[in-house]
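A.B. asks: What follows is a protein structure lacking sequence information:
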C-alpha cells in the first residue's frame, strides 16, 4: 500500500525517534524512547505531525489501541478530532493550493477524492472512535473527565495534547497503562511536571517553531511574528546593535551591513512596537516555544518549603476545600505564623468522578483530624450538599463566606502576606504561575480569569476565614 502526504521535518524527526530501537538484555527489540515530548511554538506542525504518526501506527499495526486526550473529552473532540477529520480529508493541503490558484477546481475535486484518508477508517460518531479497516486498530478521542476511557482501560499508544490542566497523578495512571509509547505536545507556558520527565533516558524532547513548518498559513505566520519585540530582533540578540539604536538606524545607509532578511525583520519589529502588538510573553511562548511570565499574573514571590518543614511548623492546622465533579476537588492544609506568613500543603487534587469511593472516604484515607476546621466552598447548592455530606460524616465543616467582593478580597489577602507552599504541591505551583487578571480588548479588569484555580480557591477560603475570625489585615 502506497500512501502519500505532505510532511515537515518535525514529523520526520519524531517518527525517527519513535522507531529508534535497541536489543535489550533479554535479546528483545525495545524502543529507545517511551515518551516523546514535543515542545514548541504555535503552528510548528506538532499536531499535524502527530496525526501522521497516529495514522501510520494504526495502519501498520494490528489490533492496537490509541488514545488521544485533552483535559476534557468535549475539548478533545471539538478541537483535536475536528482537526483530525480535516487532515484525513485533505492531507496534502489541496484546498490551500486551490485558494492560491496553484490548481483549478477540477483538479481539487479529483485530489480530494483520491487522497482522502478517511476511507481507511470506520468512524463511530457516538463513541468518537476510528477503527482502521486494514488492521482493526482503534483510535479514541477522549479526556480525563471520561473516567472509564481515560483511567480504567489501557492502550498501546497515548497522545496527550496540551496537558496544562493534567495532574501528575492522572498522568502517572495513564502512563502505567500505556504499553508502547506516549506523545505529549505543548507550548511550555508554565512550570509543569512533564519537564521532570526530560531527565529520564527514555524521554525524547523535540523543539520546533513555525519556521520548521513550510505549510504554515500566511496569516497565522504574520500574527505570531507580530509579537516580536525589538529586543528579540536578531541584530540585537547577536549584539550587532542596541535596542535604542534600532529606532534611529538608517536602513538606506545600512552601515552595519544587515542582510535583506535582517532589514525586513528590523522593519517588522519596529512596526510591532509602533502598533503596540509587540509582546515578549506572546513571542516567547507562541513563537519560540519557551516559558514566560504572564504580564497580567496575579501572584508573585511565593516560596517553597519541604513537606518536613511544613509538618514541623509549631502552628495550628486548618484545611480548605474546593469541590469539583469533573474539575479537581482540592484539599489544602494551612498554617499561619501569627505574624505575616501563610503556609500551605496540597493534600488532594482529584475530580470526584474519578474517586474510587466517596469524598469522605478520600479524606479519611488522608488521615484528616475530624475535629479541625475544614473551610469549604459554598458557591452553589451542589457544593453545599457535598459539604453537608462531610458534616454528616463527622467533619468540622465551615462554609466559606461568598458574596460581592469576596474573590478580590481573598486575592488581596494572599498578595499582602508572605506565602509558602510545599515543593510537593505541584498543582498549587501550576495555578500560582498561571493565575491572571482577565484582559478584555487590551484592558486589564479587576477580576481573575476563570478556570485552573481550584487549589488557589481552597487556599483563599481557609486563609480568608482565618483572617476574618482573627481580625487580620
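C.D. replies: Thanks, I have the structure now. Since we're looking at a predicted model, the values are computed, not measured.

A.B. asks: drop to CA atoms for contacts and neighbour counts, all remaining ones
C.D. replies: Noted.

A.B. asks: For stretch 86-95, which residues meet the burial criterion?
C.D. replies: 87-95 (16 or more other C-alpha atoms under 10 Å).

A.B. asks: my bad, stretch 105-122
C.D. replies: 108, 111-112, 115-118, 120-121.

A.B. asks: That stretch: how far from the chain's middle?
C.D. replies: 33 Å (C-alpha atoms, centre = their mean, to the nearest Å).

A.B. asks: still on that earlier bit, using CSV, lay out the buried residues of stretch 105-122 together with distance to residue 304.
C.D. replies: Below are the buried residues of stretch 105-122 laid out as CSV (distance: C-alpha to C-alpha, whole Å):
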residue, distance to residue 304
108, 58
111, 58
112, 56
115, 54
116, 53
117, 51
118, 50
120, 52
121, 50
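
A.B. asks: Those into a markdown table, with extra columns for pLDDT, distance to residue 453 and secondary structure?
C.D. replies: Shown next, in a markdown table, are those (pLDDT from 0 to 100; distance: C-alpha to C-alpha, whole Å; DSSP: H, G, I helix; E, B strand; the rest coil):
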| residue | pLDDT | distance to residue 453 | secondary structure |
| --- | --- | --- | --- |
| 108 | 94 | 47 | helix |
| 111 | 93 | 47 | helix |
| 112 | 94 | 45 | helix |
| 115 | 94 | 45 | coil |
| 116 | 95 | 42 | coil |
| 117 | 96 | 41 | helix |
| 118 | 96 | 39 | helix |
| 120 | 96 | 42 | helix |
| 121 | 97 | 40 | strand |
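
A.B. asks: Pick out the most distant pair among the buried residues of stretch 86-95.
C.D. replies: Checking the buried residues of stretch 86-95 against each other with C-alpha to C-alpha, the farthest-apart pair comes out as 88 and 95, at 12.8 Å.

A.B. asks: which residues of the stretch 201-350 of the chain fall in strands?
C.D. replies: 203-208, 303-305, 318-322, 329-336, 341-350 (DSSP state E, counting those that start in this stretch).

A.B. asks: Check those strands for me and report the most buried one.
C.D. replies: Highest mean neighbour count of these: strand 318-322, a mean of 27 (counted as mean count of other C-alpha atoms under 10 Å).

A.B. asks: What helices and strands are in contact with it?
C.D. replies: With contacts defined as 3 or more C-alpha pairs under 8 Å, 6 or more residues apart in numbering; DSSP states H and E, the packing partners of strand 318-322 are strand 329-336, strand 373-376, helix 454-469.

A.B. asks: Please list the outside residues in contact with the last one.
C.D. replies: By C-alpha atoms under 8 Å, 6 or more residues apart in numbering, the residues outside helix 454-469 that reach it are 318-322, 328-332, 334, 342, 344, 346, 349, 374-377, 400-401, 410-411, 413-414, 427-428, 431-432, 472-473.

A.B. asks: That one - what's its average pLDDT?
C.D. replies: Helix 454-469 shows a mean pLDDT of 94.

A.B. asks: how about that helix: buried residues?
C.D. replies: 454-466.

A.B. asks: now that helix and strand 341-350, what's the angle there?
C.D. replies: Inter-element angle recorded for helix 454-469 and strand 341-350: 140 degrees (by axes from the mean of the first three to the mean of the last three C-alpha atoms, to 10 degrees).

A.B. asks: got the angle for helix 454-469 vs strand 329-336?
C.D. replies: Using the same axes, to 10 degrees: helix 454-469 against strand 329-336 is 40 degrees.

A.B. asks: How about the backbone phi and psi for the residue sitting nearest the centre point of the chain?
C.D. replies: The centre of the chain sits closest to residue 164, judged by C-alpha atoms, centre = their mean, with a distance of 2.1 Å. Torsion angles at residue 164 (phi, psi; degrees, to the nearest 10) stand at phi -60, psi -30.

A.B. asks: Please determine how far it is located from residue 292.
C.D. replies: 14 Å (C-alpha to C-alpha, to the nearest Å).

A.B. asks: In helices, which of the buried residues of stretch 86-95 appear?
C.D. replies: With helices defined by DSSP state H, the entries of the buried residues of stretch 86-95 inside them are 87-89, 94-95.

A.B. asks: ok, these vs residue 440, which is closest?
C.D. replies: Of these, the one sitting nearest to residue 440 (C-alpha to C-alpha) turns out to be residue 87, at 32.9 Å.

A.B. asks: do you know how far that closest one is from residue 6?
C.D. replies: For residue 87 relative to residue 6 (C-alpha to C-alpha), the value is 11 Å.

A.B. asks: Kindly report the same for residue 188.
C.D. replies: 27 Å.

A.B. asks: again, but for residue 163
C.D. replies: Taken as C-alpha to C-alpha, the span from residue 163 to residue 6 is 27 Å.

A.B. asks: Repeat that for residue 46.
C.D. replies: Taking C-alpha to C-alpha, one finds residue 46 at 14 Å from residue 6.

A.B. asks: More neighbours: these two, which one.
C.D. replies: residue 46 (28 against 12; other C-alpha atoms under 10 Å).

A.B. asks: just to revisit the earlier point, which stretch among the strands of the stretch 201-350 of the chain comes nearest residue 103?
C.D. replies: So among those, strand 203-208 is nearest, using C-alpha to C-alpha, at 29.9 Å.

A.B. asks: average model confidence for the closest one?
C.D. replies: Rounded mean pLDDT across strand 203-208 is 95.

A.B. asks: what do you get for stretch 418-434?
C.D. replies: 90.

A.B. asks: Now do it: distance from first to last residue.
C.D. replies: Stretch 418-434 end-to-end distance (C-alpha to C-alpha) = 18 Å.
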